[in-house]
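# Sequence and computational prediction follow.
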Amino acid sequence: MAFLEIKNISKKYRGRYALKNINLSIEKGEILSIAGPPGSGKTTLLKIVAGLVKPDEGSIVLEGRDITDTPPHLRGISMVFEIPPVYPDRTGYDNIAFPLRLKGLPENEIKKRVYEVAELLGIKHILHRKPETFSGGEYQRVALARALVTNPTLLLLDEPLKSLDAKIREQMSIWLKELQRKIGVTAIYTTHDPLEAFTVGTRTAILIGGEIKQIGDPIDILEKPSMLEVDEYVSIPALNIFTGRVELEDDKLKVIINNVFLEKVIDKTLRERIESGKEYIIALRPSDIKVSTSPSPHSFQGRVLLVQYLGSRTLASIEVNETTIRAILPRGLRVGEGDIVYVELDVDRMRIYDPDSKIRIA
Ligand code: ADP
Ligand code: MG
């Protein structure tokens, strides 16, 4: 039996599902990431686990015990919110000590625990300071320290890094993962950023529209998205999505997107899943498209519409036969708007989705 089991949880607000039939299990010492766009139900799910919101259906089982009707303070669960309420008139020390004082622990025991957790989180230097002097990262670590100081059986982290800027967020996500390894706490971590979820979690669940669409490790999810929605959500920069007619010829699969022909040698299992002559949704990431200034046997001529700089990578929007294709430019290639380039689509990385169900076929 898993450490925590979330069983068939559903919750409706004003007749609409905020969560629909959620099933998840978490092993002891694991950090499960839940990634989903805003409004997908992340906070609602954590609040249900914490006991702050009552589900319409389903149950929560912690260490074999059904806690669905257990009041929050008796669950042994700590939750850190997106904007954690840190008391402005109290020092870092008093903020962290707060839950222990509520429990009526002796002051010497409180002091020992606060210093231990402050040492662990690298915030000893701010214990005597008031929150107004904290940086964003320090503020978040004080909130985390306050959640950890009670030794919770389960830690719920609801987008704890959302308010921090990108660089600190990246640092903090790596650091969180290391911390979790060190102290072995079991945690659920939510974020709207799939890449952050992949960094922090041992596994990631993708929550879209109140439903779990896929659970797995980053490679599974990035390489084999279960459906188009997941592919679109995890693809950064945005996915190229085309409609293409697919034809089967001997051992070849031909995809025709606006007069652009792509060919791929396929195996038998794929042949059985594809109907020749039918239109499918074809998805390719910008990194799966090669751009060059000279033609090659399988390339198509295009014209650069727009160049965007994304830090370490450059993205170009290229018009090929009236279709706009977004591609990551190879390092060192300098092109500008209006330039003629040649693009080659990596057919082995092309994903084919059913046009109706949007489920991945290949
Ligand atoms: P997330 O944390 O992923 O952004 P939430 O769990 O906050 O998503 O919200 C999921 C959905 O439920 C949203 O459509 C939101 O508007 C709705 N919702 C959440 N809490 C309430 C509430 N107390 N009353 C009405 N609707 C709510
Ligand atoms: Mg939320």
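Right, received. Where do you want to start? Ligands and ions are numbered 1, 2, ... in the order given.
# which residues touch Ser33?
By Cβ atoms under 8 Å, 6 or more residues apart in numbering, the contact list for Ser33 reads Ile188, Tyr189, Thr190, Thr191, Glu196, Ala197, Phe198, Val200, Gly201, Arg203, Thr204, Ala205. Glycine gets a C-beta too; all of them are placed from N, C-alpha and C.
# Please convert these to JSON lines, extending it with secondary structure and pLDDT.
Listed next are these as JSON lines, based on DSSP: H, G, I helix; E, B strand; the rest coil; pLDDT from 0 to 100:
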{"residue": "Ile188", "secondary structure": "strand", "pLDDT": "97"}
{"residue": "Tyr189", "secondary structure": "strand", "pLDDT": "96"}
{"residue": "Thr190", "secondary structure": "strand", "pLDDT": "97"}
{"residue": "Thr191", "secondary structure": "strand", "pLDDT": "97"}
{"residue": "Glu196", "secondary structure": "helix", "pLDDT": "94"}
{"residue": "Ala197", "secondary structure": "helix", "pLDDT": "96"}
{"residue": "Phe198", "secondary structure": "helix", "pLDDT": "96"}
{"residue": "Val200", "secondary structure": "helix", "pLDDT": "93"}
{"residue": "Gly201", "secondary structure": "coil", "pLDDT": "94"}
{"residue": "Arg203", "secondary structure": "strand", "pLDDT": "96"}
{"residue": "Thr204", "secondary structure": "strand", "pLDDT": "98"}
{"residue": "Ala205", "secondary structure": "strand", "pLDDT": "98"}
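# Would you convert those residues into JSON lines that also reports distance to ligand 1 and neighbour count?
JSON lines is the format used below for the contacts of Ser33 (distance: Cβ to the nearest ligand atom, whole Å; neighbours: other Cβ atoms under 10 Å):
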{"residue": "Ile188", "distance to ligand 1": "13", "neighbour count": "27"}
{"residue": "Tyr189", "distance to ligand 1": "13", "neighbour count": "29"}
{"residue": "Thr190", "distance to ligand 1": "7", "neighbour count": "28"}
{"residue": "Thr191", "distance to ligand 1": "10", "neighbour count": "27"}
{"residue": "Glu196", "distance to ligand 1": "14", "neighbour count": "23"}
{"residue": "Ala197", "distance to ligand 1": "12", "neighbour count": "25"}
{"residue": "Phe198", "distance to ligand 1": "17", "neighbour count": "20"}
{"residue": "Val200", "distance to ligand 1": "16", "neighbour count": "27"}
{"residue": "Gly201", "distance to ligand 1": "16", "neighbour count": "25"}
{"residue": "Arg203", "distance to ligand 1": "18", "neighbour count": "20"}
{"residue": "Thr204", "distance to ligand 1": "15", "neighbour count": "27"}
{"residue": "Ala205", "distance to ligand 1": "12", "neighbour count": "24"}
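# Between those residues, which sits nearest ligand 2?
Ranked by distance to ligand 2 (Cβ to the ion), the contacts of Ser33 are led by Thr190 at 6.9 Å.
# Lovely, talk soon.
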